[in-house]
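>>> Next one to model:
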Amino acid sequence: MTRKTQGLALLAVATAGLLWAGLAAAKTINVADHNTPYNNDDIQKLAATAVGMGVKEPVKLNLQGGNLNVSGSTATTCVIKVGSGDTPKIGGISCK
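Model prediction:
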């Protein structure tokens with residue numbers, strides 16, 4: 001292998017490593033308010049799901065009868081069926 005080829009291979013490996021690290025790092029979602037019994041990790045996961053579906057930060061989570069309504073700074077809202085209890089069990093999601 002020539003020195004130029006080695007340099008390009010090293011650059012490719014370093015770039016792939018940085019890309020992977022960036023994808024693995026989770027972004028903290030700005031949650032303005034919530035009335036759930038869930039822990040912070042669960043709240044972040046549910047909020048991130050809604051943000052991925054188009055809800056804009058900051059988000060508000062409102063739990064009513066097994067349905068979690070997630071709204072944000074725009075008209076897009078998501079209803080996530082989470083059931084009852086201290087741990088959410090996602091049974092479906094609908095965003096409009």
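>>> Sketch out the low-pLDDT regions of this structure for me.
Counting by pLDDT under 70, the chain contains low-confidence residues at 1, 3-25.
>>> Strands of that one, start to end?
Assignment of strands within the chain using DSSP state E yields the ranges 31-34, 59-64, 67-71, 77-81, 92-95.
>>> So which residues of this structure form helices?
Assigned by DSSP state H, the chain shows helices spanning 3-24, 40-52.
>>> Dump the strands of the chain into TSV; add distance to Lys45 as well.
Yep, even glycine has a C-beta here, placed from its N, CA and C like the rest. Formatted as TSV, the entries for the strands of the chain read as follows, by distance: least, CB to CB, whole Å:
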stretch	distance to Lys45
strand 31-34	11
strand 59-64	11
strand 67-71	11
strand 77-81	10
strand 92-95	12
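>>> Contact partners for the most centrally placed residue in the chain?
The C-alpha lying nearest the average C-alpha coordinate of the chain belongs to Ala48 (CA atoms, centre = their mean; 2.1 Å). With CB atoms under 8 Å, 6 or more residues apart in numbering as the criterion, the residues that contact Ala48 are Ala26, Lys27, Ile29.
>>> closest to Leu61 among those residues?
Looking at the contacts of Ala48 and their distance to Leu61, the nearest is Ile29, at 10.2 Å (CB to CB).
>>> Not counting its neighbours along the chain, what's nearest the closest one?
In this structure, Ile29 finds its nearest non-sequential neighbour in Ala47, 4.0 Å apart by CB to CB, 6 or more residues apart in numbering.
>>> cool, Ser71 as well?
Thr77 (4.5 Å).
>>> residue contacts, the one you found?
Contact analysis of Thr77 by CB under 8 Å, 6+ apart lists Val55, Asn69, Val70, Ser71, Cys95, Lys96.
>>> try Pro88
If you count contacts by CB under 8 Å, 6+ apart, Pro88 has them with Thr36, Tyr38, Asp42, Leu46, Leu68, Ile80, Val82.
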